[in-house]
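**Student:** how would this look folded up:
(2 chains)
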Amino acid sequence: MITVDHCTKYFHRGSVNEVLALNDIDLSVANGDFITVIGSNGAGKSTLLNALAGSFFLDSGSITIGQLNVTRWPEYKRAKLLARVFQDPLLGTCPSATLEQNMALALRRGKRRGLGPGVRSGDRDLFSSELAKIGLGLENRLQDRVGLLSGGQRQALTMLMATLVRPEVLLLDEHIAALDPKTAGQILALTREIVADQGLTTLMITHNMKHAIEFGNRLIMLHQGRIILDVSGEKKSSLSVDDLLEQFYKAQGEELANDSMLLT
Amino acid sequence: MTIYAAIGALEQGLVYGIMVIGVYLTFRILDFPDLTVDGSLPLGAAISAVAITSGLNPYLSLLFAAFGGFVAGAVTAILNTKFKILHLLASILTMIALYSINIRIMGGPNIALINSATVFDPIIALGVPAHLASLVVFSLFGVVVMGGVIWFLKTEFGQAVLATGDNPQMIISQGVNTHLIIIVGVGLSNGLVALSGALIAQNQGAADVGMGIGTIIAGLASVIVGETVFGSSSIARAIIAAVLGSVVYRLAIALALSFDFGGFTFSPSDLNLITALLVIGALIAPNLKKKLLAQ
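**Tutor:** Model prediction:
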């Protein structure tokens, strides 16, 4: 489904702030894979997802989704193939538009937008029934502006909108990190349900080791722009949080050892 | 204020109202402060004047004027989106370029239209008194443009325009090429401004290269006055409010000009100062109110 081939990305290249965010990464994602992505801050998790989504172009390497080489596709064009949910609940919806207007925008993801009506009355039933699924009572508020909703409600709406038209790939960038624990639990349950229902190929960044083990069929750990751990299937489900932490510290320990070598 | 002054202010309010809708599209909807309008208003006037004096139908000349304005706006938007020039600077560059272009189009700094055909002739031929003809024409244009823009913003494309100003990251993620939206949006805005300029030139009997000075400020003042007085709870309401704001603004100016404070009167050259103070007041009022309420 996705092939990431020798991908490298520098930020601020040539300046003193140069960062090697992706270091010659190779990743092959099978159709229907649900991959959880972990790693410390600055490991390159978000950069990897942004590279897939086309927020920037790579310095080298290529990305293929399905049969399509999307390496030089701009972000809006890749939206035909992949949907995203951001950490910031405010990023996924338009505050001054109504719920139905937002959903109508999402219903045309990757399609041509012409001079037909923005919200078709025939689609309202679909919007209501989709909103009813998340059980937040939003199905009766189609005409309300999204700016009136709470962060959790907006994130739930963003999840729905991302999958209203089935994407080839779903990218979740710490999409519950900014929510309170109860709402986070609800969004996570919704995520599991939608991904299973539609059989979506999914990459989910999380800082929660338990979630990383519990969700999906495959887990990758990033460190300094490289994938340092890639487990799937039974090997993944038998992982414990301690195993992961150990890997974490091992990776960081190497870093410390290198630093101390430099200093002595 | 005489009744003639009031009718004059009303028709000015309506014809400049078309320009104000253009300013509303960029300033409020696309969040793109666009100074191109100071150049595209006289551009519309110039194109229309040249077309009419070369014997073209005055209504047809409006189409050419609007198209010229669209191109000017598109140039600004392309400078901004494709070449990453700050929107404000990009629009100033187009504006000053238009100054030279407008003189080239007219072959001089102005063209008189005193005895030429205008869009008012068919209305006068229908029996409408000459001093009311422009009011009728401008009302018709005002209503048609308001209706058209409100309809446009409800279409799929229009919704994408609204979203581009509201949350660009969201609408890119929904597969919309925001560069294209901004180019079309700023183009449409300047098309309306040029249309307004063409109608103004036909009404005042001349196109002049200097007639665009202060357009953006008058436009902003009208938008802000309209929002304050008539509200902006929905897009349709905000657009109608923009045109009504333009009428109120022109009436206020006519009123100010007719005042006599014990021998002191405003001269037309004071208008820019009055307008600037009005806009500054309207812009800082919400912050000031917040601060005062917080204490």
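
**Student:** how much space between residue B:61 and residue B:109?
**Tutor:** 20 Å (C-beta to C-beta, to the nearest Å). (Each C-beta comes from the backbone N, C-alpha and C, glycine too.)

**Student:** of the two, which one has the most company?
**Tutor:** Shown here are residue B:61 and residue B:109; by other C-beta atoms under 10 Å in any protein chain shown, residue B:61 has more neighbours (25 against 13).

**Student:** the more buried one - nearest residue in space that isn't next to it in sequence?
**Tutor:** With sequence-adjacent residues excluded and distances taken as C-beta to C-beta, 6 or more residues apart in numbering or on different chains, residue B:61 is closest to residue B:51, at 3.7 Å.

**Student:** export the particular helix or strand that has residue B:274 in it as CSV, just CAs?
**Tutor:** For residue B:274, the host element (DSSP states H and E) is helix B:271-294. What follows is helix B:271-294 as a C-alpha-only set of coordinates in CSV (Å, rounded to 0.1, in the frame of the first residue of the first chain):
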residue,chain,number,x,y,z
LEU,B,271,-12.4,63.6,3.9
ASN,B,272,-9.3,61.4,4.0
LEU,B,273,-8.6,62.5,7.5
ILE,B,274,-12.2,62.0,8.6
THR,B,275,-12.2,58.5,7.0
ALA,B,276,-8.9,57.5,8.5
LEU,B,277,-10.1,58.6,12.0
LEU,B,278,-13.3,56.7,11.5
VAL,B,279,-11.5,53.5,10.5
ILE,B,280,-9.0,53.8,13.4
GLY,B,281,-11.8,54.4,15.8
ALA,B,282,-13.7,51.4,14.5
LEU,B,283,-10.6,49.2,14.6
ILE,B,284,-9.5,50.0,18.2
ALA,B,285,-13.0,50.3,19.7
PRO,B,286,-13.4,46.5,20.3
ASN,B,287,-10.0,46.3,22.1
LEU,B,288,-10.7,49.5,24.0
LYS,B,289,-14.1,48.2,25.1
LYS,B,290,-12.5,44.9,26.3
LYS,B,291,-9.8,46.7,28.3
LEU,B,292,-12.4,49.1,29.9
LEU,B,293,-14.7,46.2,30.8
ALA,B,294,-11.8,44.2,32.3
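
**Student:** summarise which helices and strands it is packed against.
**Tutor:** The contact analysis (3 or more C-beta pairs under 8 Å, 6 or more residues apart in numbering or on different chains; DSSP states H and E) places helix B:271-294 against helix B:215-230, helix B:235-258.

**Student:** what angle separates it from helix B:235-258?
**Tutor:** Using axes from the mean of the first three to the mean of the last three C-alpha atoms, to 10 degrees, the inter-axis angle of helix B:271-294 relative to helix B:235-258 is 120 degrees.

**Student:** sorry, back to before: looking at the helices and strands packed on helix B:271-294, which one is packed in the most?
**Tutor:** Greatest average neighbour count among the helices and strands packed on helix B:271-294 goes to helix B:215-230 (a mean of 23), per mean count of other C-beta atoms under 10 Å in any protein chain shown.

**Student:** what angle do it and helix B:271-294 make?
**Tutor:** 40 degrees.

**Student:** pLDDT of helix B:215-230, averaged?
**Tutor:** Helix B:215-230 shows a mean pLDDT of 91.

**Student:** other residues contacting it?
**Tutor:** B:16-17, B:19-20, B:22-24, B:27-28, B:34-35, B:37-38, B:41, B:193, B:232, B:237-238, B:240-246, B:248-249, B:252, B:272, B:275-276, B:278-279, B:282-283 (C-beta atoms under 8 Å, 6 or more residues apart in numbering or on different chains).

**Student:** output it as CSV, nothing but the C-alphas.
**Tutor:** Only the C-alpha atoms of helix B:215-230 are listed here, as CSV (Å, rounded to 0.1, in the frame of the first residue of the first chain):
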residue,chain,number,x,y,z
THR,B,215,-10.5,53.2,-2.3
ILE,B,216,-9.2,50.6,0.1
ILE,B,217,-9.8,52.9,3.1
ALA,B,218,-13.3,53.8,2.0
GLY,B,219,-14.0,50.2,1.4
LEU,B,220,-12.7,49.2,4.9
ALA,B,221,-14.6,52.0,6.5
SER,B,222,-17.8,50.8,4.8
VAL,B,223,-17.3,47.2,5.7
ILE,B,224,-16.7,48.1,9.4
VAL,B,225,-19.6,50.6,9.5
GLY,B,226,-21.8,48.0,8.0
GLU,B,227,-20.8,45.2,10.4
THR,B,228,-21.2,47.6,13.4
VAL,B,229,-24.6,48.9,12.4
PHE,B,230,-26.2,46.0,10.5
